[in-house]
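Colleague: compute the structure for the input listed below.
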Amino acid sequence: MKSYVTDKVKQIKPSGIRKFFDIVNDMPDIISLGVGEPDFDTPWHIREEGIRSLKAGKTFYTSNAGLMELRKEIAIFNERKYGISYDPVHEILVTVGGSEAIDIALRALVEPGDEVIIPEPAFVSYVPCVQLAGGEPVIIPLKEENQFRLKPEELKQALSPKTKVILLSYPNNPTGAVMEKEDLEAITDILIERDIVVISDEIYSELTYKSPHVSIASLPGMRERTIVINGFSKAYAMTGWRLGYALASAEIMEQMIKLHQFALMCSPTSSQYAAIRALKYGDEDVELMRSAYDQRRRFLLHELGKMGIPCFEPYGAFYIFPNISQFHMSSEEFATELIHRQKVAVVPGDAFGDCGEGFVRISYAYSIEELKVALERIERFIRELR
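Modeller: Next up is the predicted model:
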């Protein structure tokens with residue numbers, strides 16, 4: 001019997017993260033530092049709003065673009081926080097998580113053969129989404145000595161006449177790197193001159209520890225050529241509510257809404273009502289969680305430094321990306337041995353691109369108590385290696 005599955009899909013590699021999640025699920029007494037998910041419960045007042053909507057029977061489809069009240073709150077939030085202004089009627093789309101927004105943005109923009117620049121290390125879905133849209137991923141390997149920030153000379157070298165889109169992700173998963181205003185300004189002239197569209201994944205925008213997040217869409221000449229992706233999963237501990245959004249010019253958004261309309265109709269209704277509450281009254285919750293993450297971040301940096309494991313200081317998200325090349329093992333070997341010898345799970349750096357080799361991703365979306373136990377086990381493990 002012949003295979004009915006397309007070659008394009010068969011050639012896509014499974015997620016490098018999922019492989020280690022599967023191992024973790026089958027092992028008792030393991031401490032997992034691999035999951036990119038807040039360990040906090042969704043704040044109670046946000047959950048209550050979702051419950052209230054269910055009790056009131058608000059269980060019907062919303063408009064394809066999302067509840068108008070939610071879109072208005074998204075507009076207010078982004079103006080207040082990041083200085084970017086969008087029309088809630090024509091320029092905002094509520095999606096099923098940020099992942100859907102990234103997928104439909106690429107499908108709305110990319111023709112077969114178009115090149116999409118992806119600075120790596122990067123989230124595991126970017127390359128497959130580009131390939132499924134018919135595009136050609138062009139990888140820029142970012143450097144630890146530059147704190148994994150994209151430099152203008154690196155961008156210039158990656159450009160070709162086929163370049164159409166760049167997919168930026170700051171604050172970054174897996175490295176925790178950020179691009180500050182001056183870093184973004186250094187690349188905007190190139191993007192404008194070459195007429196390149198930016199898909200800016202800003203899902204960790206509320207989790208920065210040095211200075212507030214700057215959206216590239218706020219810089220001169222960039223709003224009309226940028227699709228901003230954001231959502232509620234990370235900042236408000238709402239991963240399971242599956243709610244994100246996209247901000248874009250009306251011309252682009254009209255096409256994205258069509259893709260969303262035919263694939264998913266609308267985002268979960270109760271999640272949308274909960275998100276309205278989050279945007280209106282959730283600032284204090286975000287600050288409490290950010291403060292806890294910052295404490296954990298500094299603790300990990302200090303303890304890894306004491307062990308002699310080098311790591312640049314991440315200023316965003318809730319990940320740290322230590323360099324383990326001194327142990328002369330591949331990232332996958334290091335992570336696999338750590339699981340089996342000490343029952344601690346981390347994610348190999350090469351799951352996020354070839355330039356992640358020699359690193360592992362550690363999530364600090366865990367309590368200090370869990371981190372302490374995990375670090376004791378990691379220290380025992382590296383003593384054995386040395």
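Colleague: low pLDDT regions in this protein?
Modeller: Across the chain, the ranges flagged by pLDDT under 70 are 1-2, 16-25.
Colleague: in it, which spans are helices?
Modeller: 7-10, 16-25, 44-55, 68-82, 97-109, 126-132, 152-158, 181-193, 250-264, 269-281, 283-307, 331-342, 368-385 (DSSP state H).
Colleague: distance between the shortest one and the chain's centre?
Modeller: On the basis of Cα atoms, centre = their mean, to the nearest Å, helix 7-10 is displaced by 25 Å from the centre of the chain it belongs to.
Colleague: swap in the fourth one?
Modeller: If you compare the mean C-alpha spot of helix 68-82 with that of the full chain, they lie 20 Å apart, counting by Cα atoms, centre = their mean.
Colleague: quick one: it to helix 283-307, angle?
Modeller: Here the directions of helix 68-82 and helix 283-307 differ by 50 degrees (axes from the mean of the first three to the mean of the last three Cα atoms, to 10 degrees).
Colleague: now tell me what touches helix 68-82 from outside.
Modeller: Contacting residues not belonging to helix 68-82 are listed as 65, 84-89, 92, 94, 205-206, 212-215, 217-218, 228, 230, 245, 247, 272-273, 275-276, 279-280 [Cβ atoms under 8 Å, 6 or more residues apart in numbering]. All C-beta spots, glycine's among them, are computed from the backbone N, C-alpha and C.
Colleague: which of those residues are buried, as a PyMOL select command?
Modeller: What follows is the PyMOL syntax selecting those of those that are buried according to 16 or more other Cβ atoms under 10 Å:
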select buried, resi 65+84+86+88+92+94+205+206+213+214+215+217+218+228+230+245+247+272+273+275+276+279
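Colleague: that older thread, nearest to residue 315, out of the helices of the chain?
Modeller: Nearest to residue 315, of all the helices of the chain, is helix 283-307, at 8.8 Å by Cβ to Cβ.
Colleague: helices or strands next to that closest one in the packing?
Modeller: Packing partners of helix 283-307 (3 or more Cβ pairs under 8 Å, 6 or more residues apart in numbering; DSSP states H and E): strand 319-320, helix 368-385.
Colleague: can you list contacts of the longest one?
Modeller: Just to be clear, that refers to helix 368-385. With Cβ under 8 Å, 6+ apart, helix 368-385 has contacts from 31, 33, 295-296, 299-300, 303-304, 307-309, 327, 329, 337-338, 341-344, 364, 366.
Colleague: cool, and stretch 38-56?
Modeller: The contact list for stretch 38-56 (Cβ under 8 Å, 6+ apart) reads 59, 233-234, 236-239, 241, 269-271, 273-278, 281-282, 285, 289, 292, 318, 365-367.
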